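Enquirer: Here you go, sequence then predicted model.
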Amino acid sequence: MIRVNLLRNQAASLADFNEVVDPNKVALKNLFIISLLTLILFLYEYQNISGLKSSLNQLNIQSQQLLAQVEEKKIFSEEAKKLQTQLVQVKERLQIIRSLSKNRFIELKSLDLLQSILPDRVWFDRLTYGNKKFEIEAVAVEIEDVTLMKTAMDNQDSFKNVSIKNTKETTIKENTVNAFTLSFDIEELK
């Protein structure tokens, strides 16, 4: 009896199961679930794609703005390069001007210094200048005056390589004088 009852209960539960599990219903139910999941996935992707599109649009706008800024900066860059070359040219010109203004009176200052150390009994006949080098043809009453002039020039820092090339006794208006040639280089006066 117990067996029969068990069998009967088993048969009843199998019958209930067969009634509940209808293959058409299960297929329809699975189709509904798959469709629902597909719809949910489609909506999620649609939202995600629209979000990605908006992000892409923002990035494109930022990219265009950056490109516009780069173009603006290129103009400044080219202008800066031009200004840089102009600055170098101006600095070179300024250096030349400073050099010229510093040395423009070097010859005059040398002549002024030369006349200040010139002994009283020495006269110049001819003076030539070129490449920072003077050559003087002069006359002196006594040979000691020539030596005195050379010694005074040797003591000056501005006169370099002072040398007497030749000396010769000559007569000018019935007076005997010593003609000589003197050469020297000049340097920047301090």
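Expert: Right, received. Where do you want to start? Residues are numbered from 1 along each chain as shown.

Enquirer: Tell me where this protein has helices.
Expert: Ranges of helices in the chain, per DSSP state H, are 2-20, 23-103, 106-117, 143-154.

Enquirer: Throw those into JSON lines and include distance to Ser183, thanks.
Expert: Any C-beta I mention is one placed from the backbone N, CA and C, and that applies to glycine too. Below are the helices of the chain laid out as JSON lines (distance: least, Cβ to Cβ, whole Å):
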{"stretch": "helix 2-20", "distance to Ser183": "133"}
{"stretch": "helix 23-103", "distance to Ser183": "20"}
{"stretch": "helix 106-117", "distance to Ser183": "13"}
{"stretch": "helix 143-154", "distance to Ser183": "11"}
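
Enquirer: Out of the ones you listed, the one nearest Asn161 is which?
Expert: Asn161 lies closest, by Cβ to Cβ, to one member of the helices of the chain: helix 143-154, at 10.1 Å.

Enquirer: Give me the helices and strands touching the closest one, please.
Expert: Under the contact definition 3 or more Cβ pairs under 8 Å, 6 or more residues apart in numbering; DSSP states H and E, helix 143-154 sits against helix 106-117, strand 122-130, strand 159-172, strand 175-186.

Enquirer: who touches the residue nearest the centre of the chain in this structure?
Expert: Taking Cα atoms, centre = their mean, the centroid of the chain lies closest to Gln84, which sits 7.2 Å from it. Going by Cβ atoms under 8 Å, 6 or more residues apart in numbering, Gln84 touches no other residue.

Enquirer: Number of residues surrounding Ser163?
Expert: Counted with other Cβ atoms under 10 Å, the neighbours of Ser163 add up to 11.
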